[in-house]
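Asker: Let me see the structure of the following:
(one chain, ligands or ions: 1)
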Amino acid sequence: MKTDQTKLVMVQDVTLHYGRHVVLKHVNFSMKAGQIMGVIGPNGAGKTTIMKAMLGLVKVNQGTITLLNERVTPQHHAVLADNVGALIENPALYPFLTGWQQLQLVTKNESQLKWVIAALQMSAYIHQTVKHYSLGMRQKLGIAMALVTKPKLVILDEPMNGLDPQSVKLLRDLMKRLAQQGMAFLISSHILSELEKVIDTVMVIDHGRVVLQTAMQDLQQNQQQKLVLQTTADAQALTWLQRHHYACSQQADGLVVMGVTSLTPLLAGLIAQGVQFTYIGEQAVDLETILLRQLGQSVRGELE
Ligand SMILES: Nc1ncnc2c1ncn2[C@@H]1O[C@H](COP(=O)(O)OP(=O)(O)OP(=O)(O)O)[C@@H](O)[C@H]1O
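Answerer: Okay, here's the model as predicted:
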């Protein structure tokens, strides 16, 4: 697989309506090889619909979608066959086939089949008929069908559905490895805490509009650092910090101090007061909190 950095996918000004209901409104984004983009948004926001449009499963009313510079529409989608793997909603599986036989519907290449079965740790049940599979086993098989040919782009709608924590980690690590080899992923999920461990770019859709699209690194860097201190004398420490103009508050996990750029004067000052530390750390800010803050700011920005 080539790690081509040029645009793999371009979605330009896509608008789509079902009857009078406008489901996607002027959606624009692009993806390149090796990118892992997360799509998040409330129920009914349009996440599945944009994925379906990219797969030529629904017709857009305005705008264009291209993959490797070729247009994708319900009538014109040859480029998808060799380059895209997808799992949208529930995997379409034949109950009386075995997992192996299902995978063979996608490819007969034995080394690819063996690779994906080992990568997703499915060998214990791959020769059982699918009607005996649990929800998580079916989901893994659906993911395996999307990955087996190592396509350039993999689209996964809620891939963590029904997976146990071990399988979630397995999938996450696998996606990261494949992305390093150049495979691009577009993934939707409601489990933000899981998504943030794997994606490098996040796109938030709300009411059919892209309301935020940003690199995770930028999102995290823009956040103010928060220091958490647990001490033997919190009240005394708080008084000293406030007197020295630190923005701080007493919270459940300790004293939280915002925007600390240099630790030494703060620690030296408190130690001089006789305060002893039982814990010093950074407060982790999760994706949900960051996004809510960012979205709050952008909504405020629009109102102002
Ligand atoms: N075939 C259809 N005909 C009419 N309306 C549809 C159709 N498919 C989806 N919709 C509507 O389009 C909107 C977007 O649906 P979509 O499935 O893309 O949302 P989503 O963001 O994936 O939601 P969820 O998180 O619940 O999966 C919803 O209001 C839905 O009711």
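
Asker: secondary structure class for Ala45?
Answerer: With DSSP: H, G, I helix; E, B strand; the rest coil as the basis, Ala45 sits in coil.

Asker: That one: neighbour count?
Answerer: Neighbour count of Ala45, defined by other C-beta atoms under 10 Å: 22. Using the backbone N, CA and C atoms, a C-beta is placed for each residue, glycine as well.

Asker: what's around Phe29, how many residues?
Answerer: Neighbour tally, Phe29, other C-beta under 10 Å: 18.

Asker: Just confirm it is within a strand.
Answerer: Yes - applying three-state DSSP, one finds Phe29 inside a strand.

Asker: Isn't it up against Asp13?
Answerer: No - counting by C-beta atoms under 8 Å, Asp13 is not a contact partner of Phe29; they are 10.8 Å apart.

Asker: Show the pLDDT at Met1.
Answerer: If you check Met1, the pLDDT there is 44.

Asker: do Thr49 as well
Answerer: pLDDT, Thr49: 95.

Asker: With Gln221 instead?
Answerer: 66.

Asker: Met122 and Trp100 touch, don't they?
Answerer: No - under the criterion of C-beta under 8 Å, Met122 is not in contact with Trp100, lying 9.3 Å apart.

Asker: So between these two, which is more surrounded?
Answerer: Neighbours of Met122 and Trp100, each counted by other C-beta under 10 Å, are more numerous for Met122; the result is 20 against 16.

Asker: where does that one sit relative to the ligand, distance-wise?
Answerer: 26 Å (C-beta to the nearest ligand atom, to the nearest Å).

Asker: Let me see the contact set for that residue.
Answerer: 99, 116, 137, 140-141, 144 (C-beta atoms under 8 Å, 6 or more residues apart in numbering).

Asker: let's see it at 7 Å
Answerer: For Met122, the contact set (C-beta atoms under 7 Å, 6 or more residues apart in numbering) comprises 99, 140, 144.

Asker: what do you get for Ile40?
Answerer: Per C-beta under 7 Å, 6+ apart, neighbours of Ile40: 188-189, 192, 195, 202, 204.

Asker: ok, is stretch 46-54 in contact with the ligand or not?
Answerer: Yes - interface with the ligand: stretch 46-54 contributes 46-49 (C-beta under 6 Å from any ligand atom).
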